[in-house]
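Visitor: below is the sequence, then the predicted model.
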Amino acid sequence: MSNISIDFRKSKITGKEIMVYSDEIKKIHMMMNKKANDKKEFLGWLNWPSKYGKREFEKIKKCAKRIQDNSDVLVVIGIGGSYLGARAVIESLTNSFYNLQDKTERKFPQILYVGNNLSSTYINDMIELIQDKNISVNVISKSGTTTEPAIAFRIFRNLLEDKYGIKEAQKRIYVTTDQNKGALKQLADEEGYETFVIPDNIGGRYSVLTPVGLLPIAVAGINIDKLMSGAQFAEEKYNDSELKYNDCYKYAVARNVLYKNNKNIEILACYNPKLHYMIEWWKQLFGESEGKEHKGIFPAGVEFTTDLHSLGQYIQEGQRILFETVLYVAKESSDITINYEEDNLDGLNYLADKTLNYVNKKAMQGTVAAHVAGEVPNIFIKMDKLDEETIGHLIYFFEKACAVSGLLLGVNPFNQPGVEKYKTNMFKLLDKPGYQDKK
Ligand code: PA5
């Protein structure tokens, strides 16, 4: 099993500061385990890797195969927790240019995402790109009422019906939603679409390892058995109530200690652009879970070395309110050796015979040292490599750390009341029935 290790030595907090939380962690641990199977609590993700429904899992694989066989493109319609996890896993584990690869090299359908904004240009550009290809659609919405994916689904449903006729379109639409409620569930039942269930007690941003993420991930040719076994490994590993043996709890505690020390912003940094969407997923997970009651660490993301040439200055010398968590992949899937050149016009011969991964590692080490010296505490997460098991492990690690961190902060990490505010204003402005009198 591929491993993930976490190092707090440069976090500028002591073991003592962390261990003060031992009793509180034990209480949270016991409370979460006790309520894990309670349908009313949003803790369904806690034992999910060891308890997920095997029948639904087999159905995911079967449908993924059908989509692979009859489609050039899978359009994933969803917003927030209903698409970020799938995109994070797919982009971490496929070729950096997956969607641009030749079909024979890529082997599996292109995966495109829509319903995560309201831009007509974006949607029109996508339609123009894919209209002559064979298309399947996976629309994902737990509530079944979210505006952005609902509009996109209406547009792409019409496109499929015009292209294939109603009967064939029905076979190309896959709906992932609540078991009983919501407009999408009703529509799916009436039209007879293939439907996958989002468990009641798993919230959107904790749902990547349910059909929400697994169907698109499987369509992209990723081994979902291995992904789940990585998560299951993490479920066991991070189920130790003793803080000193549990890195997941330590990360949750370290964040809270740093927050109390006025470190209000956490930047999650990677050195491999494949992790871009993993960072986006993490931002949503922590931002929506903790940012409440005027509290919470603001989660931000940076991609290095790219952003060292944009945000690097601020990180090094701006307001001292940041701490940095590095997500580092120890073994890249390939490497490049830098050549020796006789004339050395670019002055790079000092790097001759060195590999790019070596240079990237030195950049990382140099950056961590500079930031730590500049009063940016560092937490270092090392992944052996990017594979299904490691990514499954990482997802579970962050989900559990996020829940525990939110509980330590004293907020409910499973709701998102603030998200409703913009919707109410927007619906009023759009004259949606029932919204005129709302505040
Ligand atoms: O984490 C969450 O609950 C949210 O980000 C939701 O995933 C997002 O708002 C989309 O909601 P829905 O799946 O109901 O369309």
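Guide: Yes, it's here.
Visitor: please give the element, helix or strand, for the residue in the stretch 301-439 of the chain that the ligand sits nearest to.
Guide: Per C-beta to the nearest ligand atom, Gln416 is where the stretch 301-439 of the chain lies closest to the ligand, at 5.7 Å. C-betas here are computed from N, CA, C, even on glycine. Using DSSP states H and E, Gln416 is not contained in any helix or strand.
Visitor: pLDDT wise, what is it at?
Guide: Looking at Gln416, its pLDDT stands at 92.
Visitor: how about it: what's its closest non-neighbour residue?
Guide: Glu288 (4.8 Å; C-beta to C-beta, 6 or more residues apart in numbering).
Visitor: contacting residues around that neighbour?
Guide: 80-81, 205, 416, 419 (C-beta atoms under 8 Å, 6 or more residues apart in numbering).
Visitor: centre of the chain to the helix or strand that contains it, how far?
Guide: Take DSSP H and E as the rule and Glu288 turns out to sit in helix 276-290. Relative to the centre of its chain, helix 276-290 is centred 6 Å away, using C-alpha atoms, centre = their mean, to the nearest Å.
Visitor: can I get it as PDB, trimmed to CA atoms?
Guide: Extracted in PDB, the C-alpha atoms of helix 276-290 (Å, rounded to 0.1, in the frame of the first residue of the first chain):
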ATOM      1  CA  HIS A 276      -4.500  21.600  -9.200                       C
ATOM      2  CA  TYR A 277      -8.000  20.300  -8.800                       C
ATOM      3  CA  MET A 278      -7.100  18.300  -5.700                       C
ATOM      4  CA  ILE A 279      -6.400  21.800  -4.200                       C
ATOM      5  CA  GLU A 280      -9.700  23.100  -5.600                       C
ATOM      6  CA  TRP A 281     -11.500  20.200  -3.900                       C
ATOM      7  CA  TRP A 282      -9.600  20.800  -0.600                       C
ATOM      8  CA  LYS A 283     -10.500  24.500  -0.700                       C
ATOM      9  CA  GLN A 284     -14.200  23.700  -1.000                       C
ATOM     10  CA  LEU A 285     -14.000  21.000   1.600                       C
ATOM     11  CA  PHE A 286     -12.400  23.200   4.300                       C
ATOM     12  CA  GLY A 287     -13.900  26.500   3.200                       C
ATOM     13  CA  GLU A 288     -17.500  25.400   3.300                       C
ATOM     14  CA  SER A 289     -17.000  23.300   6.400                       C
ATOM     15  CA  GLU A 290     -15.200  25.800   8.600                       C
END
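Visitor: that one vs the ligand: in contact?
Guide: Yes: for helix 276-290 and the ligand, the contact criterion (C-beta under 6 Å from any ligand atom) is met by Glu288.
Visitor: after that helix comes which helix or strand?
Guide: Per DSSP H and E, the helix or strand that comes after helix 276-290 is strand 298-303.
Visitor: what lies in contact with the next helix or strand along the chain from that next one?
Guide: Using DSSP H and E, the helix or strand that follows strand 298-303 in sequence is helix 312-317. Contact with helix 312-317 is made by 267, 302, 322, 324, 367, 370-371, 374, 376, as judged by C-beta under 8 Å, 6+ apart.
Visitor: just the buried ones among those residues, please.
Guide: Neighbour-count burial (16 or more other C-beta atoms under 10 Å) applied to the contacts of helix 312-317 gives 267, 302, 322, 324, 367, 371, 376.
Visitor: which ones among those residues lie within helices?
Guide: 367, 371 (DSSP state H).
Visitor: on that earlier part again, just give me the neighbour total for the residue of the stretch 301-439 of the chain closest to the ligand.
Guide: 19 (other C-beta atoms under 10 Å).
Visitor: same check, this time on Gln436
Guide: 9.
Visitor: what angle separates the helix holding Glu288 from strand 298-303?
Guide: Angle, helix 276-290 to strand 298-303, by axes from the mean of the first three to the mean of the last three C-alpha atoms, to 10 degrees: 170 degrees.
Visitor: what about helix 276-290, average pLDDT?
Guide: pLDDT averaged over helix 276-290 gives 98.
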